[in-house]
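Q: Build me a model from this:
(chains A and B)
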Amino acid sequence: MIEQLRQRLLTLQRMPRIEAGPTAFPLGIPVIDTVLGGGLLRGALHEIAASREAHLAAATGFALGLAALSAPSPRLFWIAEDMALAESGTLHGAGFDAFGLAPERLVTVSVAHRRDLLWAMEEALRCRAVDAVIGEMRIGRIDSVMVRRLSLAATENGTFALLLRAAPPSDASTAASRWIVSTAPSVLTHGPGAPRFAAQLIRNRRGPAGSWILEWSDSDERFILATHDQSVAAPAFDRPHRQVA
Amino acid sequence: MISLWLRRLSTDRIVRSHDQSAPLVVTGKRGNTEVLTAVDDAARQLGLSPGLALAQARAMHPGIDAVDENVEADTALLESIADWCLRYTPLVACDAPDGLLLDISGCAHLYGGEHELAADLAARLENAGFAYSFAIAGTIGAAWAAAHHGKPSSYACGEERALLAPLSLSALRLATATVAGLARVGLKCIGDIVDLPRAPLTARFGSEVLRQLDRALGYEHEPLNPRLPVAPYVAEQRFAEPIAREEDVLSITGRLARRLQFAMERRGDGARRIELTLFRTDGVVRRIAAGTSRPLRDPDEIRALFAERLTVLADTLDPGFGFDMARLSVIVTEPCPPQQIGISDGEDAAEFCRLVDRLSARLGARRVHRLAAQDSHIPELTEVVLPAQTINGDTGWDAFRRYRKEIELSPRPLRLLTRPEPIEAVAEVPDGPPLRFRWRRALHEVIAAEGPERIEGVWWSEHSGPARDYFRVEDKSGLRFWLFRAGLYRDIAQGAASPAWFLHGTFA
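A: I've put the predicted structure just below:
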């Protein structure tokens, strides 16, 4: 009897546990999926930071690529601070299209203050009709309590949440994963080739960290592991020119 | 119909804002002279009247206090009184410069009758410190005439003729020249012309005289031009004890919304824009509006919208000594057929609209947008951001995708700068891509470039800039940009300015 009640109490008190609850979606790259423990968690907050401000467009592309993978034709909320839009430019529907996302399913919100950004993100995360929420912030700190709130909101509804930052953060975080993204030289054909990202996983709740170079494949609408277009020189073991006495 | 005349509006405004003991006159420039435009009662007793030159008035009574006129402040005051009068009727018109017209048909019984309504109005104006005179009559013309020229607080419904007969002809709102002309032939009061043959009168003085007479007598309809559009659905509540707390305001909003729900359901309408009007005890009126992205009837959702609005307004709402009346009006409606509630896509769409409404209510409708494709080839005009609440249906992206496929449009950047930023660029050949360029003080060495993609301005507009040659370039560290050169080198010979380089966007 008591055991039964205990069981019942446990179900009532069910704490949203990130490890157990939400489902994960695979990136389709075995190496990364293994590191991530099967894929990126859908109902969780992830942080993506540009390695430098100049690389913000790459971080944006990486975030959009992940959002596109998180659900088929996702309804996406893009919430950005005014300053971020003025500095790095607004999302361009015609280019946004290339990431396999439909501009008609995008809602953009511009906010004046960081607290509005976090409030709007939380509201959007709590809405069942939204598949993914991306919040873009400029440089600066973010309250860890708010990050926790966002994580909880994402877990409760199973919504994919991304926080996009213009510079690598220095604060501790409760996000499920943290990435630092910079752009990588593309394979040049007649001009710039498909976008390439140097993605560095620096914090991962479900496994080790890692670093990869990924390419967004427009035709498959997914990331692929970039291969080197030129053969890489084997590490030199013997150095004949260095005469050892 | 009530015509309200605030005969000392300008001076009352000044007296209300600071203490005044000396006889007060308001002056303004008319032609080349400084003349009195308004006088208070003390000055009137000294024999001063509007129209007198200030120099003359000073010579007669050196002790008077003269203040410059401020037409904007007077108008604003009149408008705020008009807003306050909304407590009596939704049909309030400003009768510039110092009067108001209130259509109280069908509203008077709420106060227990026309006399009681008028007494309430009079008492509140008296308390607020305004000199007033008003009249109630069946027509605008008769009410106006009685308020401005007859006995104050006169009442005539159905007896307009008897009311008007002794009044002077200027009470018909005729031009001064016409009144003077009529006076020359011995026609001084309205009673003199009521029974005259109409044709000769019109032949001599124009149709205006008889039209105004007919309007005053009710033979011809005179339209009222209300200051605010009349809402199709209105619910209001008066309080015996003023309310001040936010929760009280919200709960009353919910209750009013419930009343509106029944009315809207009967006619199959839903609200697209709702306004909450709060009447403060001291006469200040607060209007709070909220928009919705789909026709809305649910009282709980309406209440939730206003909860967001009130959170934003928290400090500026300022209930003072409390609100003694609240009104919820639906300003814009849209047909909203009854729908079956089920576990379908509709649920999700409703949830989505609710979110957009909440965000718009809190942050402002202009901050929550969606993108709509435009029919233009100029990059910054290919799409437009529109408030998400206003967009319904097609946003034009299907057409854009077809167009892009058809003409094989080259890739577009992921992020577009709000305006192209000038850069210093060095190109190898005049019309070729840049070798290196400096943007935001950083130097970028170009290692690959694609282009040019020439985008011409629009020939039918003078303001469109020169042709642009766009290049997609990648620099040494892998950053990808969208640059353009505005203008062509070959045009320099024809006197065009030398080409300049700009950065317009960044690729992922």
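Q: what comes up buried for stretch B:48-65?
A: Within stretch B:48-65, the residues scored as buried using 16 or more other CB atoms under 10 Å in any protein chain shown are B:48, B:50, B:52, B:54, B:57, B:64. From N, CA and C alone the C-beta is placed, and that goes for glycine too.
Q: Pick out the most distant pair among these.
A: Among these, the pair separated by the greatest distance (CB to CB) is B:50 and B:64, at 13.4 Å.
Q: sorry, back to before: may I see the buried residues of stretch B:48-65 organised as CSV, with distance to residue B:87 and pLDDT added?
A: Shown next, in CSV, are these (distance: CB to CB, whole Å; pLDDT from 0 to 100):
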residue, distance to residue B:87, pLDDT
B:48, 36, 87
B:50, 31, 86
B:52, 38, 87
B:54, 39, 89
B:57, 39, 89
B:64, 37, 85
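Q: Let me have these in TSV, extended by distance to residue B:225.
A: TSV is the format used below for these (distance: CB to CB, whole Å):
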residue	distance to residue B:225
B:48	34
B:50	26
B:52	33
B:54	35
B:57	36
B:64	37
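Q: Among the residues you listed, which lie within helices?
A: B:54, B:57 (DSSP state H).
Q: And the buried residues of stretch B:48-65, which is closest to residue B:373?
A: The closest of the buried residues of stretch B:48-65, once distances to residue B:373 are taken by CB to CB, is residue B:50, at 60.3 Å.
Q: ok, that closest one touching residue B:43?
A: No: Residue B:50 lies out of contact with residue B:43 (CB atoms under 8 Å); the separation is 10.0 Å.
Q: What segments of chain A are strands?
A: Assigned by DSSP state E, chain A shows strands spanning A:24-25, A:40-41, A:45-50, A:76-81, A:90-91, A:106-111, A:132-137, A:160-165, A:177-184, A:196-204, A:210-217, A:222-225.
Q: and residue B:247, which of those strands is closest to it?
A: Per CB to CB, nearest to residue B:247 of the strands of chain A: strand A:106-111, 26.6 Å.
Q: what's the closest one packed up against?
A: Counting by 3 or more CB pairs under 8 Å, 6 or more residues apart in numbering or on different chains; DSSP states H and E, the packing neighbours recorded for strand A:106-111 are strand A:76-81, helix A:82-88, strand A:90-91, helix A:114-125, helix B:345-363, strand B:368-373.
Q: Show me where chain B dips below the pLDDT cut-off.
A: Counting by pLDDT under 70, the low-confidence segments of chain B come to B:20, B:339-346.
Q: Now for it: which helix has the highest residue count?
A: Ranked by residue count under DSSP H, the longest helix found in chain B is helix B:246-267.
Q: Run through the neighbouring helices and strands of the helix or strand following that one.
A: Next helix or strand after helix B:246-267 toward the C-terminus (DSSP states H and E): strand B:269-280. Strand B:269-280 is packed against helix B:246-267, strand B:285-296, helix B:299-317, strand B:323-335, with contacts defined by 3+ CB pairs under 8 Å, 6+ apart.
Q: what's the angle between the first one and strand B:285-296?
A: With axes from the mean of the first three to the mean of the last three CA atoms, to 10 degrees defining the directions, helix B:246-267 sits at 50 degrees from strand B:285-296.
Q: for helix B:246-267, which positions count as buried?
A: Neighbour count says helix B:246-267 has B:246, B:248-250, B:252-254, B:256-257, B:259-261, B:264 buried, by 16+ other CB under 10 Å.
Q: tell me the contacts of residue B:237?
A: By CB atoms under 8 Å, 6 or more residues apart in numbering or on different chains, residue B:237 lies in contact with B:252, B:255, B:256, B:325, B:326, B:327.
Q: so it bridges to which residues?
A: When assigned by DSSP bridges, residue B:237 has beta-bridge partners residue B:326.
Q: How about residue A:196?
A: residue A:184, residue A:215.
Q: Residue A:213 is in contact with that one, correct?
A: Yes: assessed by CB under 8 Å, residue A:196 is found in contact with residue A:213 at 6.1 Å.
Q: which neighbours do these two share?
A: Counting by CB under 8 Å, 6+ apart, the residues touching both residue A:196 and residue A:213 are A:184, A:226.
Q: between those two, which one's more packed in?
A: For residue A:196 versus residue A:213, the count of surrounding residues by other CB atoms under 10 Å in any protein chain shown is larger for residue A:196: 22 against 14.
Q: quick one, what contacts the more buried one?
A: Residue A:196 touches A:183, A:184, A:185, A:186, A:187, A:213, A:214, A:215, A:216, A:226, B:478, counting by CB under 8 Å, 6+ apart.
Q: Buried deepest among the helices and strands packed on strand A:106-111, which one?
A: Greatest average neighbour count among the helices and strands packed on strand A:106-111 goes to strand A:76-81 (a mean of 26), per mean count of other CB atoms under 10 Å in any protein chain shown.
Q: That one pairs with which strands, parallel or anti?
A: strand A:106-111 (parallel), strand A:132-137 (parallel).
Q: Of all the residues in stretch A:33-49, which ones are buried?
A: A:33, A:35-36, A:39-49.
Q: which one of these is nearest chain B?
A: Closest approach to chain B among the buried residues of stretch A:33-49 (CB to the nearest CB): residue A:48, at 12.3 Å.
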